[in-house]
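**Q** okay, structure incoming, though there's no sequence with it:
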């Protein structure tokens with residue numbers, strides 16, 4: 001065939017490029033400067049266009065999936081032929097997306113065929129989860145068409161690592177050195193103005209100026225969005241790690257998130273996928289290396305509860321340590337304030353929705369009674385905000401769906417503020433969990449065992465309690481930290497799951513006797529060995545003695561009661577309610593008000609000694625939260641709510657107190 005013949009896509013003639021697992025993978029978030037009104041309108045129109053096209057492809061894919069499910073007999077004979085007939089494949093959905101784009105020429109101003117192809121691929125990924133079962137034999141439900149405000153990502157195309165100059169959907173151009181050179185003042189400080197200067201170039205492949213995300217192929221011209229880098233000195237090593245080598249840049253996705261303070265209510269980011277391991281600071285790397293060496297022979301057990309997490313570890317039955325993590329009083333007060341603020345916003349949102357959609361709501365009983373009384377008295381009708389239930393059918397379904405309601409600008413701004421506040425709270429909770437996980441893994445090692453339970457099911461009974469403490473987030477952080485340390489140690493690590501029906505750690509004693517306890521029983525008392533202790537601490541100790549016949553299978557877990565019984569003396573010492581940090585009862589090591597949190601048991605400081613003034617008050621140090629009275633008769637007094645000096649506050653914001661019995 002001559003060179004003038006038509007070229008078509010087909011199988012690769014050469015070995016396809018594959019990503020090496022050893023290279024790692026990380027994502028860097030790069031804020032985009034959309035202060036230019038034209039650029040902001042263009043990117044807003046791009047998201048609107050993408051949502052319309054994606055919704056059309058989703059509806060078509062959902063209809064085809066329903067037809068596939070209805071063809072029972074034909075599907076039993078040849079399911080692949082049915083999918084081929086209905087067009088349930090990646091290529092068929094891509095052609096469906098092309099057809100929708102051709103049918104709406106006005107959308108070509110903000111979308112290209114390559115861009116639409118990536119949207120169709122994302123729809124096919126969701127359809128695959130419904131058509132085919134996963135490794136556990138489960139299938140997802142039908143495709144769900146989300147709201148416009150939930151559509152926050154424009155998928156990009158991975159760059160070609162075999163061809164140098166090949167365009168992707170979104171491409172990051174420029175260099176880190178060129179960006180720093182453009183925004184470095186005369187004093188040598190890296191400073192970026194509020195509005196970044198426009199980026200222009202006639203040859204993007206040789207461009208080495210400030211970083212910018214480029215989207216070409218649009219009829220109105222190339223869309224160029226300047227990138228804003230963090231200027232703090234602590235962030236510069238992170239930028240050097242991800243942006244120093246452009247050959248490792250893999251893919252760029254455009255993401256938007258709600259921000260009530262931004263123009264238009266949205267803040268836009270470019271998520272750059274880099275083929276490198278995530279950045280680890282030298283201090284964290286040193287800490288993990290020391291942990292890998294110091295805790296190589298230590299095994300730990302984790303007991304996860306609604307309001308606390310208890311970790312116990314030992315070295316072959318010796319040097320038993322028990323640590324309990326729970327929210328401290330100051331964090332509870334902050335969560336209470338946040339919940340009050342959330343309830344106040346919910347009331348504001350409800351009143352705004354009712355005011356804009358009065359016809360969809362009924363009057364309350366009090367309002368109806370007042371209206372009847374005024375009508376009987378011959379008084380005119382008063383327009384009030386209906387506070388009754390929504391007009392609905394007999395089965396409770398609203399006559400008009402909520403998504404068709406008219407929403408005011410105030411409602412949208414308040415809703416955006418609520419979303420931003422929730423995102424900030426989630427980020428703060430994740431950061432606290434990461435800090436606590438670092439302390440726990442450094443103390444108890446990287447080999448941990450926990451019960452195979454689903455924290456999400458606890459929300460049915462303790463919804464607010466689970467959301468406030470978020471034990472699942474903390475357990476995931478512990479697992480990530482343990483796996484990172486295990487990678488340095490060259491062994492297996494992380495949180496291993498153990499089945500509850502084969503271990504029943506909350507219903508047994510380390511001596512092997514069964515001690516039945518209900519959910520309300522929080523103390524453990526064994527009649528055989530006379531062991532007393534906290535129920536969660538006993539469960540964590542038993543989890544540290546769990547042995548799995550095959551790693552990764554929770555059903556193969558068993559408790560080694562012989563080893564636990566041999567270490568019963570060490571367990572009894574660690575679970576003693578009066579054992580201090582150094583296993584003494586002295587005032588200098590016992591738990592007291594200095595720990596900045598409430599404790600679950602009494603301390604050895606006597607009230608008589610405090611009243612007589614024989615115990616010195618600990619008012620030296622610095623704490624970011626009020627301390628407790630040392631009289632054990634009341635909580636913090638007004639004259640002691642001030643901050644104290646010269647005390648480490650690195651882990652002060654943590655919603656925890658760590659009682660470590662070593």
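**A** Yep, it's here. Small disclaimer: the values here were computed from a predicted structure and weren't measured. Numbering: from 1, shown residues only.

**Q** OK, contacts around residue 131?
**A** Neighbouring residues of residue 131 by CB atoms under 8 Å, 6 or more residues apart in numbering: 65, 68, 83, 88, 139. From N, CA and C alone the C-beta is placed, and that goes for glycine too.

**Q** closest to residue 390 among those residues?
**A** Nearest to residue 390 among the contacts of residue 131: residue 65, at 31.8 Å, using CB to CB.

**Q** how many neighbouring residues does the closest one have?
**A** Residue 65 has 20 neighbours, counted by other CB atoms under 10 Å.

**Q** then residue 551?
**A** For residue 551, using other CB under 10 Å, the count is 10.

**Q** also residue 364?
**A** Using other CB under 10 Å, residue 364 has 15 neighbouring residues.

**Q** most neighbours among the contacts of residue 131, which one?
**A** residue 88 (22 neighbours).

**Q** hmm, residue 65 and that one touching each other?
**A** Yes. Under the criterion of CB atoms under 8 Å, residue 88 makes contact with residue 65 at 7.0 Å.

**Q** and whichever strand or helix holds residue 430, what's buried?
**A** If you go by DSSP states H and E, residue 430 is part of helix 409-444. With burial defined by 16 or more other CB atoms under 10 Å, the residues of helix 409-444 counted as buried are 411-412, 414-418, 420, 429, 432-444.

**Q** before we move on, what about stretch 282-289?
**A** 287-288.

**Q** and that stretch, how far out from the chain middle?
**A** Taking CA atoms, centre = their mean, to the nearest Å, the mean C-alpha location of stretch 282-289 is offset from the chain mean by 24 Å.

**Q** for it, the averaged confidence score.
**A** When pLDDT is averaged along stretch 282-289, the result is 94.

**Q** can I get the contacts of residue 131 in TSV with pLDDT and secondary structure?
**A** Below are the contacts of residue 131 laid out as TSV (pLDDT from 0 to 100; DSSP: H, G, I helix; E, B strand; the rest coil):
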residue	pLDDT	secondary structure
65	94	helix
68	94	helix
83	93	helix
88	93	coil
139	88	coil
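
**Q** residue contacts, residue 83?
**A** Per CB under 8 Å, 6+ apart, neighbours of residue 83: 68, 89, 131.

**Q** tell me how far the last one lies from residue 67.
**A** If you measure residue 131 against residue 67 using CB to CB, to the nearest Å, the figure is 12 Å.

**Q** hmm, residue 260 and residue 423 touching each other?
**A** No. The pair residue 423 / residue 260 is not scored as a contact, 11.5 Å apart, by CB under 8 Å.

**Q** shared neighbours of those two, anything?
**A** What both residue 423 and residue 260 touch, as defined by CB under 8 Å, 6+ apart, is an empty set.

**Q** can you report how many residues lie near residue 56?
**A** Neighbour number of residue 56 under other CB under 10 Å is 20.

**Q** which helix or strand contains residue 257?
**A** In the assignment (DSSP H and E), residue 257 maps to strand 249-258.

**Q** could you check the angle that strand makes with helix 409-444?
**A** Note on geometry: by axes from the mean of the first three to the mean of the last three CA atoms, to 10 degrees, strand 249-258 and helix 409-444 are set 130 degrees apart in direction.

**Q** for the next helix or strand along the chain from strand 249-258, packing partners?
**A** Counting by DSSP H and E, the next helix or strand C-terminal to strand 249-258 is strand 266-274. Applying 3 or more CB pairs under 8 Å, 6 or more residues apart in numbering; DSSP states H and E, we find strand 266-274 packed against strand 26-31, strand 249-258.

**Q** and of these, who's closest to residue 571?
**A** Nearest of the helices and strands packed on strand 266-274 (CB to CB): strand 26-31, 42.0 Å.

**Q** just checking: what are the partner strands of the closest one?
**A** strand 266-274 (antiparallel) (DSSP bridges).

**Q** quick check: angle from the very next helix or strand once past the partner strand to helix 409-444?
**A** Proceeding N to C from strand 266-274, the next assigned helix or strand is helix 282-294, under DSSP H and E. On the basis of the same axes, to 10 degrees, helix 282-294 is oriented at 40 degrees to helix 409-444.
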